[in-house]
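>>> Output the structure for:
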Amino acid sequence: MTDFQWPWEYTFPPFFTLQPHEETRQQQLKVWTDLFLKYLRHTNRFTLSIGDQTSPLFHNESLKRRLSPELVLAILAELERTGHANPLDKRRQEWQVYWHTLEEYGTMVYDWVQETGQTNSICTLYEIASGENTVALDFHGVDEAVLLSALRLLEQKGRCELIEMDGSHGVKFF
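Below is the predicted model of the structure:
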């Protein structure tokens, strides 16, 4: 894995403090949300804990600056607003973060199913997320919990049916 390229803002100490001016704060949140998505994609992670203050995402050691839990929550709330995150617990301490929205993942998977002639067939989540036929696709490597959430949206639209057997999931596409 190559080293992650941090944006210039990451070396700017005020970037780690929630800005009081509305316009500046909105720009700050935009840069942070982009950074969260890029960093998590680079590290192939789909979950975040607000309490994980050791991650370089939350802590710039060379600056001795750290994101406050309030700022992390504001960033995650913005990601939630744009469809890129959802809290996993009521206290909003654990989060699932999506590089693409669930709607986008669902569309990518369904397009792949149609392009490869797999309608009316059953696929496992493993085949979709990690199979050799999806290596070149943007959804390859997606966390199965994220994939399952995206497939539930497709199921609500009548494009597939989720099947559960012995604790694992399959899906039949229509």
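
>>> avg pLDDT for stretch 38-50?
The predicted model assigns stretch 38-50 a mean pLDDT of 94.

>>> Just the buried positions in that stretch, please.
Within stretch 38-50, the residues that qualify as buried by neighbour count (16 or more other CB atoms under 10 Å) are 39-41, 46, 48, 50. Every residue, glycine included, has its C-beta placed from N, CA and C.

>>> In helices only, show me the residues you listed.
Residues from the buried residues of stretch 38-50 lying in helices, with DSSP state H as the criterion: 39-41.

>>> Out of those residues, which is nearest to R91?
L40 (20.8 Å; CB to CB).

>>> Can you list the low-confidence ranges for this protein?
Applying pLDDT under 70 to the chain picks out residues 1-2.

>>> ranges for the strands of it?
Ranges of strands in the chain, per DSSP state E, are 47-49, 59-60, 65-66, 85-87, 94-97, 122-124, 160-165, 168-173.

>>> Can you tell me what sits against the fourth one?
Going back to what we said before, that points to strand 85-87. 76, 79-80, 93-98, 149 (CB atoms under 8 Å, 6 or more residues apart in numbering).

>>> Over to the last one?
Under the criterion CB under 8 Å, 6+ apart, residues 110, 113, 118-125, 128, 144, 148, 151, 159-164 lie in contact with strand 168-173.

>>> just the buried members of the residues you listed?
Listed as buried from the contacts of strand 168-173 are 110, 113, 118, 123-125, 128, 144, 148, 151, 159-160; burial here means 16+ other CB under 10 Å.

>>> now, among those residues, which is nearest to P56?
Distances from P56 to the buried ones among the contacts of strand 168-173, taken as CB to CB, are shortest for E144 (26.0 Å).

>>> residue contacts, the closest residue to the closest one other than its chain neighbours?
Using CB to CB, 6 or more residues apart in numbering and skipping the chain neighbours, the partner closest in space to E144 is L125 (4.9 Å). L125 makes contact with 144, 147-148, 151, 168-171 under the criterion CB under 8 Å, 6+ apart.

>>> do that again at 6 Å, thanks
The neighbourhood of L125, defined by CB atoms under 6 Å, 6 or more residues apart in numbering, consists of 144, 147, 169.

>>> could those go into CSV alongside distance to F16?
Rendered in CSV, the data for the contacts of L125 read as follows (distance: CB to CB, whole Å):
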residue, distance to F16
E144, 33
L147, 33
H169, 40
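
>>> And these, which is closest to Y105?
Within those, the smallest distance to Y105 is 6.8 Å, found for L147 (CB to CB).

>>> The closest one reaches A129, doesn't it?
Yes - taking CB atoms under 6 Å as the contact criterion, L147 and A129 are neighbours in contact, 5.2 Å apart.
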